[in-house]
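Colleague: turn this into a model:
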Amino acid sequence: MEEIVAELEGGEQALERSLELFEEGTRLSRFLTVKLNEAQARIDRLVAGKGVNGSRLEPLEGEDRHEE
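Modeller: From the prediction side, this is the model:
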């Protein structure tokens, strides 16, 4: 993603190449968003369940897991 941004910010590509990079960045962003949401769901399940030795896990202070 960093390489795509750097290439686009350079501004030296033809319009068609810039569009290809933008499309690739958009696909990558969507993919990573799905992966992050899956990881967050796993963490939320762990927090809702029991922790080690039967202790309940709690979110960090100030963290709201339901914001999007």
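Colleague: what segments of this structure are helices?
Modeller: 2-10, 15-48 (DSSP state H).
Colleague: possible to save those as JSON lines with mean neighbour count and mean pLDDT?
Modeller: Backbone N, C-alpha and C define where each C-beta goes, glycine included. Converted to JSON lines, those look like this (neighbours: other CB atoms under 10 Å; pLDDT from 0 to 100):
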{"stretch": "helix 2-10", "mean neighbour count": "11", "mean pLDDT": "91"}
{"stretch": "helix 15-48", "mean neighbour count": "11", "mean pLDDT": "93"}
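Colleague: quick one: residues contacting the nearest residue to residue 25 once chain neighbours are set aside.
Modeller: What sits nearest to residue 25 in space, not counting adjacent residues and going by CB to CB, 6 or more residues apart in numbering, is residue 4, at 4.5 Å. Listed by CB atoms under 8 Å, 6 or more residues apart in numbering, the contact set of residue 4 reads 21, 24-25, 28.
Colleague: so which of those comes closest to residue 43?
Modeller: Here the nearest of those to residue 43, counting by CB to CB, is residue 28; it sits at 22.4 Å.
Colleague: list the contacts for that closest one?
Modeller: For residue 28, the contact set (CB under 8 Å, 6+ apart) comprises 1, 4.
Colleague: roughly how far does it sit from residue 6?
Modeller: According to CB to CB, to the nearest Å, residue 28 stands 14 Å off from residue 6.
Colleague: equivalent analysis for residue 41, please.
Modeller: The gap separating residue 41 from residue 6 is 32 Å, by CB to CB.
Colleague: again, but for residue 49
Modeller: For residue 49, the distance to residue 6 equals 42 Å [CB to CB].
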